[in-house]
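Engineer: fold the following for me, if possible:
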Amino acid sequence: MFLEGIIGITLIVYVFNLVYGKLLRGRKINGINEKAVMVTGCDSGLGLEMIKHLNSIGFVTIATCLNCNSKGYQELITKGERCKVIIMDITKEDQVIETFNEVKSYLNQMGIDGLYGLVNNAGVLINGEFDWCTWPQIKNQIDVNLTGPIQLTKLFIDDIVNNQGRLIYVTSLVSTVPFPLCSTYCSTKSGLSMFAEGLSAELDRFGVKIILLQPGDFTKLTNIVQVTVKASTMMRDSFNERKKILYGDYFSQYYSNMIKDLGIISYDNYRDSSLNHDIEEALTSVNPRLVMVQSFLWYQIIIKTISILPRNWRINISKFVQYLSRKKLINSDEQVNQ
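Structural biologist: Sure, this is the predicted structure:
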């Protein structure tokens, strides 16, 4: 009877929190038109889509782009004075500081007292075995995906605290599992998630909410194919004799097969995903969900199931996936040579 009572009370509390939380999520903050949000990595892809949506619902928006010739930069500079576009390389500390000063100046001109929301979206994925990657490719992922967002957070934390604002970190659904062939990427996204969770506990008493967005596959809507081709060429050119002998034709076969299969579980357009709904909830809801996933449900279930398995199980699953991938490519190569 005692155990049944505990279970019953637990279920009641769970349902109450679920319903109460959902009702609170429906409540919106006031004064969106007087609040400013900043999104990094708006040259294309998710960053560009999010900043356009946030601008359309009334926020004063600040977008950072890496390239003034990019689709995002060229499109955003036509949005008017309520959409500020800044060129910034998040791996360059001096540029990050210059951006901070430029944002503060812009907000003063707009009569806005500090930044309300910071969306750390800029990211880079170099797909390939760790031994293939050059050191600049490895370091760039660390700088863009982890060091840069932490530095931006440090610079804008006073504004966020003073405005009881929001810090949004775009990590990845694979930040919770050891995916082979993108070990550096997974570790940086996992590190960013841990940073955000720790910071959330520290800033909660000031009314600051920290939200993780975990995108799944958006390959068809990004430039990842072009980036992958360019990265693989740089890897191959850097190979010494040891690597040329060790990996043989497997390297070329892998990238040929990967590029062909990229995007098989990707969304075809942003309307089919929850991206815009989630970023809007993260910045406007009184009680937003603290973790939001943008992926097909079946893929979420697979990843989440793997993530809660014992560590040695997860590693063995990764090894098995890698084994199957190699076996498929080797068999394919043998058939071609026969």
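Engineer: in the stretch 51-200 of the chain, where is pLDDT below threshold?
Structural biologist: Residues of the stretch 51-200 of the chain meeting the criterion pLDDT under 70: none.
Engineer: need the helices for it, in chain order.
Structural biologist: Ranges of helices within the stretch 51-200 of the chain are 71-76, 93-109, 135-142, 148-162, 183-203, based on DSSP state H, counting those that start in this stretch.
Engineer: distance between the third one and the chain's centre?
Structural biologist: Taking C-alpha atoms, centre = their mean, to the nearest Å, the mean C-alpha location of helix 135-142 is offset from the chain mean by 17 Å.
Engineer: alpha carbons only: can I get it in PDB?
Structural biologist: Coordinates of each C-alpha in helix 135-142 appear next as PDB, following Å, rounded to 0.1, in the frame of the first residue of the first chain:
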ATOM      1  CA  TRP A 135      44.900  20.300 -36.600                       C
ATOM      2  CA  PRO A 136      43.400  23.600 -37.900                       C
ATOM      3  CA  GLN A 137      40.200  21.700 -38.700                       C
ATOM      4  CA  ILE A 138      40.100  20.300 -35.200                       C
ATOM      5  CA  LYS A 139      40.900  23.600 -33.500                       C
ATOM      6  CA  ASN A 140      38.400  25.500 -35.600                       C
ATOM      7  CA  GLN A 141      35.600  23.300 -34.400                       C
ATOM      8  CA  ILE A 142      36.600  23.900 -30.800                       C
END
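Engineer: which secondary structure elements does that helix contact?
Structural biologist: Under the contact criterion of 3 or more C-beta pairs under 8 Å, 6 or more residues apart in numbering; DSSP states H and E, helix 135-142 touches helix 183-203, helix 224-238. Yep, even glycine has a C-beta here, placed from its N, CA and C like the rest.
Engineer: out of those, which is closest to residue 311?
Structural biologist: Each of the helices and strands packed on helix 135-142 has some distance to residue 311 by C-beta to C-beta; the shortest is helix 183-203, at 13.1 Å.
Engineer: list the buried residues of the closest one.
Structural biologist: By 16 or more other C-beta atoms under 10 Å, the buried positions in helix 183-203 come out as 183-193, 195-196, 199-200, 203.
Engineer: re the thing from before, make a markdown table from the helices of the stretch 51-200 of the chain and add distance to residue 284 to it.
Structural biologist: Formatted as a markdown table, the helices of the stretch 51-200 of the chain follow (distance: least, C-beta to C-beta, whole Å):
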| stretch | distance to residue 284 |
| --- | --- |
| helix 71-76 | 21 |
| helix 93-109 | 19 |
| helix 135-142 | 31 |
| helix 148-162 | 16 |
| helix 183-203 | 19 |
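Engineer: mind listing what's buried along stretch 206-222?
Structural biologist: Neighbour-count burial for stretch 206-222, counted by 16+ other C-beta under 10 Å, picks out 208-219, 221-222.
Engineer: quick check: mean pLDDT of that stretch?
Structural biologist: Stretch 206-222 carries an average pLDDT of 91.
Engineer: and it, how far out from the chain middle?
Structural biologist: Centre-to-centre, stretch 206-222 and its host chain are 5 Å apart (C-alpha atoms, centre = their mean).
Engineer: so residue 82 touches residue 54, yeah?
Structural biologist: No - counting by C-beta atoms under 8 Å, residue 82 does not reach residue 54; the two are 10.5 Å apart.
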